[in-house]
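Asks: Starting from these lines, generate the structure:
(4 chains)
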There are 2 protein chains.
Amino acid sequence: MSVTMKEVAERAEVSISTVSNVLNGYAHIRPKTRARVEAAIEELGYRVNMPARQLRIGRTGVIGLALPELSLAYWGEFADSVMRAAQSREIGVLIEVTDACRKRVLEVLDSPYRRITDGLLVVPNGLEPHETDLLDVPYPLVVLGERIFGAPADHVTMANTEGARAAVAHLASRGCRRIATLGAREGEVMGSATLRLRGYHEALADAGLPEDPDLVVTANPWTRATGAAAVRELLARGIDVDAIFAMNDAMALGALHELHRQGVEVPNEVAVIGFDDIGDAEYYEPALSSIAPGRDEIAERAVDMLLARIAGETAEPRLVLADYQVMERQSTAVRR
Amino acid sequence: MSVTMKEVAERAEVSISTVSNVLNGYAHIRPKTRARVEAAIEELGYRVNMPARQLRIGRTGVIGLALPELSLAYWGEFADSVMRAAQSREIGVLIEVTDACRKRVLEVLDSPYRRITDGLLVVPNGLEPHETDLLDVPYPLVVLGERIFGAPADHVTMANTEGARAAVAHLASRGCRRIATLGAREGEVMGSATLRLRGYHEALADAGLPEDPDLVVTANPWTRATGAAAVRELLARGIDVDAIFAMNDAMALGALHELHRQGVEVPNEVAVIGFDDIGDAEYYEPALSSIAPGRDEIAERAVDMLLARIAGETAEPRLVLADYQVMERQSTAVRR
DNA sequence: CTGTTAGCGCTTTCAG
DNA sequence: CTGAAAGCGCTAACAG
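Replies: The predicted structure follows:
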């Protein structure tokens, strides 16, 4: 068994509580005593027993992060941002992946690990938007990602509609008039797809471009493969297109790939813009324009809000909307 | 405060230990008693208090995973594999990122979180190969990644040398004769760079190709940016090259990008192969050939070995070498 | 088959 | 300024 506080206390010839006080930075301790204790800790290589402390304190210093998967670039990068935000605040992160599947999300919300995390950051993809009551849990929770109206929890989200609108406006400003979008989802009510699609429609209206249902292509999930398939469908049906707004960068990569395979030149024949601004985007061929959704900002705000709740803050649930930015690259550098 | 076992016991009109027995699947319990207890648990929405159980049991059911970063595709995918392996064995994963920096690795090895994890999976990038004694820790440990000779712990690694050798052999078999490699590191002794470089040299010898120091390009860290820079250097110095073996896919992507920017045609003028076989590889332009290092196998073996150690297994430290596979794609489909 | 009991290692009043 | 003592919620002998 490993070293306990009792042994440290014996070695330093003080009481257990004094050791505890030293460890927790209690102010009024004679320097000599403190030094003796610290020496003993050092010599014995003592580390606090977290479970014991937790049992006492009721806190673990660890938060949970539940997201769809780590193997998709955006989530990997997002998790990285969260890790760094957490690390700088000296808290640990227990990650669980849900595959954006309802069942797994429910499991995670109700998992025994919730007892060893002080709170949870959850990306509820897989839940229906009306299921807000499922998010009414007995522990601090911050919801990330698509907007769930009336969720009984803090919510940090990206500017889905506004970003999408800016992306499409950017295409329109480059002279594109037949702008397709990839990633619509049937039946979805208030998820990212719906919000981004709304931005798409708004931008068309702003630019005075006509709507055409043929230009709205369904894709689910949002992967390289479905992006490529969507383009394949568009081309197979002979639909006139001069630009594509893919609702995420993975689909955009699939689209670029398929366009190239079919000999369609990007950006001059078809311009392409994505959403997420993953790190790879500027290295694609051609470099992919995208919407940067403020990943670090989202991660930091989310962690801070969660910590505030854990610390006992009881204000009304808040909604934070991160800033977005249009990243213009070669894939939309149209010359006509 | 949340529901305790005591309350469940009172409600079910049994003793605390009976509740505990039910929860832990103790065999000899009268069905009626069990039913009463389960009903009480259900009604009260009881969940075990993990810290308390841990304090008693000495185990947490959580393992740590320390790796350089999550935002690089390979690590994101690898973490995903570990998560899934862990999930199917009903254990949690606490991730920490080290930035492949010595200081952070040491912190992680000695962090208080080690008390809430039953063991650690560590990618020790950042440590020098002679520092094996730093890995002599008082908890179950499995080392991942480059080979550290004589490490006092189990070790799961990919076939660095063999994979690199196969990659270069593949290029040679396509008729390439001036094969450059990107990612050498000065001063490194036994890391992935050294091992992959060794495979490169072996393959040249096998193919009867002459060595040329100009063809070995340094790059550190292994990112898109350094890959691009390495190619820039190669071209700027006017070095005759007809193929590139990038020591990972991130550098390969950077290389593809830079080659394209400079109007060099891949694969016909210069063939390119990477290492890692990340999910994006087949969507790059052109689709990137690569070495698949057996990611899932590594993750599963590592988790299993760690769990065995946690369960008290005391055999000599073992070394597991995962299988690799050459993934041939367009970027090496040379026609000459 | 079920209950009693003794801690696991730590923090936190409360005395001294 | 330091120590004694009372648990946090749970499990694991051991009795009954």
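Asks: what ranges do the strands span in the stretch 51-200 of chain A?
Replies: A:62-67, A:92-97, A:119-122, A:141-144, A:154-157, A:179-184 (DSSP state E, counting those that start in this stretch).
Asks: I'd like those strands as TSV, with distance to DNA strand D appended.
Replies: In this view, the C-beta of every residue, glycine as well, is placed from N, C-alpha and C. Formatted as TSV, these follow (distance: least, CB to the nearest atom of the strand, whole Å):
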stretch	distance to DNA strand D
strand A:62-67	17
strand A:92-97	19
strand A:119-122	18
strand A:141-144	21
strand A:154-157	26
strand A:179-184	44
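Asks: what would those look like in JSON lines with mean pLDDT?
Replies: Shown next, in JSON lines, are the strands of the stretch 51-200 of chain A (pLDDT from 0 to 100):
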{"stretch": "strand A:62-67", "mean pLDDT": "95"}
{"stretch": "strand A:92-97", "mean pLDDT": "94"}
{"stretch": "strand A:119-122", "mean pLDDT": "96"}
{"stretch": "strand A:141-144", "mean pLDDT": "94"}
{"stretch": "strand A:154-157", "mean pLDDT": "93"}
{"stretch": "strand A:179-184", "mean pLDDT": "97"}
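Asks: could the ones you listed go into a markdown table alongside distance to DNA strand C and mean neighbour count?
Replies: As requested, the strands of the stretch 51-200 of chain A are exported to a markdown table (distance: least, CB to the nearest atom of the strand, whole Å; neighbours: other CB atoms under 10 Å in any protein chain shown):
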| stretch | distance to DNA strand C | mean neighbour count |
| --- | --- | --- |
| strand A:62-67 | 15 | 24 |
| strand A:92-97 | 16 | 24 |
| strand A:119-122 | 18 | 26 |
| strand A:141-144 | 24 | 25 |
| strand A:154-157 | 26 | 23 |
| strand A:179-184 | 49 | 26 |
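Asks: A:Ala252 touches A:Asp277, doesn't it?
Replies: No - using CB atoms under 8 Å, A:Ala252 makes no contact with A:Asp277, being 10.4 Å away.
Asks: quick one: common contacting residues for these two?
Replies: Residues touching both A:Ala252 and A:Asp277 (CB atoms under 8 Å, 6 or more residues apart in numbering or on different chains) are A:Ser290.
Asks: Looking at those two now, which is surrounded by more residues?
Replies: Taking neighbours as other CB atoms under 10 Å in any protein chain shown, A:Ala252 and A:Asp277 compare with A:Ala252 leading, 31 against 25.
Asks: Nearest residue to that one in space, please, no chain neighbours.
Replies: Nearest non-adjacent residue to A:Ala252, counting by CB to CB, 6 or more residues apart in numbering or on different chains: A:Gly274, 3.2 Å away.
Asks: Kindly report the same for A:Cys101.
Replies: A:Gly126 (4.9 Å).
Asks: how about the one you found, phi and psi?
Replies: Torsion angles at A:Gly126 (phi, psi; degrees, to the nearest 10) stand at phi 120, psi -30.
Asks: Next, the buried residues of stretch A:73-93.
Replies: Buried residues in stretch A:73-93, counted by 16 or more other CB atoms under 10 Å in any protein chain shown: A:73-86, A:91-93.
Asks: Point out the residues in chain A that sit beside DNA strand C.
Replies: Chain A comes close to DNA strand C at residues A:1, A:4-6, A:16-17, A:20-21, A:23-24, A:48-49, A:52-53, A:55-57, as judged by CB under 7 Å from any atom of the strand.
Asks: Can you give me the domain boundaries for chain A?
Replies: Following automatic domain parsing, one finds the domains of chain A at A:5-48, A:60-158+A:294-324, A:160-292.
Asks: can you put the ones you listed in a markdown table and add distance to B:Thr132?
Replies: A markdown table is the format used below for these (distance: least, CB to CB, whole Å):
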| stretch | distance to B:Thr132 |
| --- | --- |
| domain A:5-48 | 19 |
| domain A:60-158+A:294-324 | 26 |
| domain A:160-292 | 33 |
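Asks: where does the stretch 151-300 of chain A dip in pLDDT?
Replies: Across the stretch 151-300 of chain A, the ranges flagged by pLDDT under 70 are A:189.
Asks: circling back to that earlier point, which ones among the buried residues of stretch A:73-93 map onto helices?
Replies: If you go by DSSP state H, the buried residues of stretch A:73-93 have A:73-86 in helices.
Asks: Can you add pLDDT and give those back as a markdown table?
Replies: What follows is those, written out as a markdown table (pLDDT from 0 to 100):
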| residue | pLDDT |
| --- | --- |
| A:Ala73 | 95 |
| A:Tyr74 | 96 |
| A:Trp75 | 97 |
| A:Gly76 | 97 |
| A:Glu77 | 97 |
| A:Phe78 | 97 |
| A:Ala79 | 97 |
| A:Asp80 | 97 |
| A:Ser81 | 97 |
| A:Val82 | 97 |
| A:Met83 | 95 |
| A:Arg84 | 95 |
| A:Ala85 | 96 |
| A:Ala86 | 95 |
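Asks: Good, wrapping up.
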